[in-house]
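J.: Would you be able to build a 3D model of this:
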Amino acid sequence: MKKGLIGKKIGMTQIFDEKGNVIPVTVVEAGPCVITQKKTIENDGYEAVQVGFGDVKAQRVNKAMKGHFAKNDVAPKKVLKEFRLENIADVNVGDILKADVFAAGDKVDVIGTSKGHGTAGSIKRWNFSRLRESHGTGPVARHAGSLGACSTPSRVYKGKKLAGHYGVDRTTVQNLTIAKVDVENNLIAVKGAIPGPKGGIVVIADAKKA
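T.: Predicted coordinates:
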């Protein structure tokens, strides 16, 4: 990975390119992020940088994290993430990363937490088809239907798609294109939709499969 940022999803809108085509985009407040720790092979066994995003009051941080931030002489941050960069020699603890890390046209992967839907039925959760609503089906049109496989094996296989908790999962959308970067306001417009609700924390990183 060459670069990455932590951000907050603002919402969706649309912009126009130079030809007048409409581009649906998701706006992300990406940064400013602060490098709170630098991990090396000598001390930690691998190379990475720890990045913090979002200011938080000192009294909201537990004693262990207070010591961690004080040791590196940085202000307490709400969200911490690690990025394994190809070359960490170019960055130091305390450096500030802003939206200009990325540029329009870059391919990125966006990681977030999907929206929660609570307990959902099989139709909403797994896109099952409805049953027939005529000829005596009864009030079960949105039920899952038959689950078993006759008397052998006389049980329901593990992993069967059923109703249950839906959402609030770590979700990655790959190979999205950055449509626009507003350096002054630390905003990045990503083409298309990204996971999570408005205000959700997301991670923007170089696309692995670009």
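
J.: Which helix runs longest in the protein?
T.: helix 63-71 (DSSP state H).

J.: Buried residues, it. List them.
T.: 65, 68-69 (16 or more other CB atoms under 10 Å). Where C-beta positions appear, they are placed from N, C-alpha and C, glycine not excepted.

J.: just those residues now: which is nearest residue 193?
T.: residue 65 (33.0 Å; CB to CB).

J.: okay, now the residue nearest to that closest one when sequence neighbours are not counted: neighbour count?
T.: Counting by CB to CB, 6 or more residues apart in numbering, residue 65 lies nearest to residue 76, which is 6.9 Å off, once chain neighbours are set aside. For residue 76, the neighbour count with other CB atoms under 10 Å is 19.

J.: Format the buried residues of helix 63-71 as JSON lines; extra columns: distance to residue 99.
T.: Shown next, in JSON lines, are those (distance: CB to CB, whole Å):
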{"residue": "65", "distance to residue 99": "26"}
{"residue": "68", "distance to residue 99": "26"}
{"residue": "69", "distance to residue 99": "23"}
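
J.: now those residues in CSV, with pLDDT and distance to residue 143?
T.: Below are the buried residues of helix 63-71 laid out as CSV (pLDDT from 0 to 100; distance: CB to CB, whole Å):
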residue, pLDDT, distance to residue 143
65, 90, 48
68, 88, 51
69, 89, 53
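
J.: Go through these and say which is closest to residue 168.
T.: When the buried residues of helix 63-71 are compared for distance to residue 168 (CB to CB), residue 65 wins out at 24.1 Å.

J.: Against residue 7, how distant is residue 207?
T.: According to CB to CB, to the nearest Å, residue 207 and residue 7 sit 16 Å apart.

J.: The helix or strand bottoming out on mean pLDDT in the chain: what's the following helix or strand?
T.: Lowest by mean pLDDT, DSSP states H and E among the helices and strands of the chain is helix 41-44, with a mean of 86. As assigned by DSSP states H and E, the chain's next helix or strand after helix 41-44 is strand 48-55.

J.: From residue 118, how far off is residue 32?
T.: Taken as CB to CB, the span from residue 32 to residue 118 is 35 Å.

J.: same question but for residue 168, I mixed them up
T.: Distance from residue 168 to residue 118, by CB to CB: 9 Å.

J.: Alright, calling it a day.
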